[in-house]
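**Q** Fold the following and give me the result.
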Amino acid sequence: MVRRTHRRDHRAGLRPRLRLPRHRRRRRRDPRAHAPGRPPGRHFAVEPLPHYAEGLRRDFPEVTVWQAAAAATEGRDSFVHVVSNPGYSGLRRRPYDRADETLVEIAVDTVRLDDVVPADARVDLVKVDVEGGEVGALRGAAELLRRESPVVVFEHGGDHAMRDYGTTSDDLWALLVDDLGYTIHTLAGWLAAEPGLDRAAFAEELRTQWYFVAARGPLSARTPEE
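**A** Residues are numbered from 1 along each chain as shown. Sure thing, here's the model as predicted:
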């Protein structure tokens, strides 16, 4: 994914949230260490959980880490830490796989990516995994997306995962497609250089898919061999 989105005159790469679940942290290695000819550039991460933010700074000292949650507005908010399943943590509760998850609410800073990412940063790739908070995180990055047209890789669980955020899949589609001019693909479809989805096809894919790519520009510029 990084190689496919990397531009030769690259100045920066952005991942609004790089989440490392606790049960994987000890074995996690920097994937760039195994990629010959890895692209240069700067990398950013937004991580609200203090111990994960600290671990990111320790394990990836070259990455700029903001200990905060990506949102539509700057400020303070409550954050639901799912202690028993950290991958489900987010600014709001969401449906969980197990009825007995251990939840702890903490106060965190929230940031708009438009405010914290340097204006001179050329952004090629944005990865969003915020457990239902996609619309808020991307609204806070709208100017960056308009200016830089990065590829956006996002996890999206449909309306049920967004219920407590007060947003819907329609809101996400309206923001990315109608307002920002992106085309949405399944992750597999984008990698295979297949055409993007219309709204009905997106709704159908949500029955079985969670990972999507929003991209601008000619699809022919991205081939599976790149």
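**Q** measure stretch 118-130 end to end?
**A** One end of stretch 118-130 to the other measures 22 Å (C-alpha to C-alpha, to the nearest Å).
**Q** for residue 163, what are its contacts?
**A** Neighbouring residues of residue 163 by C-beta atoms under 8 Å, 6 or more residues apart in numbering: 94-95, 132. Where C-beta positions appear, they are placed from N, C-alpha and C, glycine not excepted.
**Q** pLDDT wise, what is residue 161 at?
**A** The model reports residue 161 with a pLDDT of 93.
**Q** before we move on, what SS does it have?
**A** helix (DSSP: H, G, I helix; E, B strand; the rest coil).
**Q** all strands of this protein, in order?
**A** 13-14, 43-46, 64-66, 69-70, 75-82, 103-111, 125-128, 151-155, 183-186, 211-215 (DSSP state E).
**Q** in its sheet, what does the last one sit against?
**A** Strand 211-215 has the following sheet partners, assigned by DSSP bridges: strand 151-155 (antiparallel), strand 183-186 (antiparallel).
**Q** Please convert those strands to a markdown table, extending it with mean pLDDT.
**A** As requested, these are arranged in a markdown table below (pLDDT from 0 to 100):
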| stretch | mean pLDDT |
| --- | --- |
| strand 151-155 | 96 |
| strand 183-186 | 97 |
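**Q** if we compare the ones you listed, which one ends up closest to residue 78?
**A** strand 151-155 (21.5 Å; C-beta to C-beta).
**Q** Tell me how far that closest one lies from the chain's centre.
**A** 6 Å (C-alpha atoms, centre = their mean, to the nearest Å).
**Q** mean confidence score for stretch 209-221?
**A** 77.
**Q** same question, stretch 55-74
**A** pLDDT averaged over stretch 55-74 gives 96.
**Q** Go through that stretch and flag the buried ones.
**A** 55-56, 60, 63-72 (16 or more other C-beta atoms under 10 Å).
**Q** Looking at these, which one is closest to residue 212?
**A** residue 70 (17.2 Å).
**Q** Pull the contacting residues for the closest one.
**A** Contacts of residue 70 (C-beta under 8 Å, 6+ apart): 16-17, 46, 110-113, 128, 130, 133, 136-137, 140-141.
**Q** How about residue 199?
**A** Contact analysis of residue 199 by C-beta under 8 Å, 6+ apart lists 173, 177.
**Q** Ok, the one 3 residues further on next?
**A** Neighbouring residues of residue 202 by C-beta under 8 Å, 6+ apart: 169, 173, 184, 212.
**Q** could I get these as JSON lines with distance to residue 50 and neighbour count?
**A** Below are these laid out as JSON lines (distance: C-beta to C-beta, whole Å; neighbours: other C-beta atoms under 10 Å):
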{"residue": "169", "distance to residue 50": "31", "neighbour count": "20"}
{"residue": "173", "distance to residue 50": "34", "neighbour count": "20"}
{"residue": "184", "distance to residue 50": "33", "neighbour count": "24"}
{"residue": "212", "distance to residue 50": "29", "neighbour count": "25"}
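**Q** closest to residue 156 among those?
**A** Distances from residue 156 to these, taken by C-beta to C-beta, are shortest for residue 212, at 5.8 Å.
**Q** Show me what that closest one bridges to in the sheet.
**A** For residue 212, the beta-bridge partners under DSSP bridges are residue 154, residue 186.
**Q** And it, how far from residue 56?
**A** According to C-beta to C-beta, to the nearest Å, residue 212 and residue 56 sit 24 Å apart.
**Q** likewise residue 204?
**A** Taking C-beta to C-beta, one finds residue 204 at 36 Å from residue 56.
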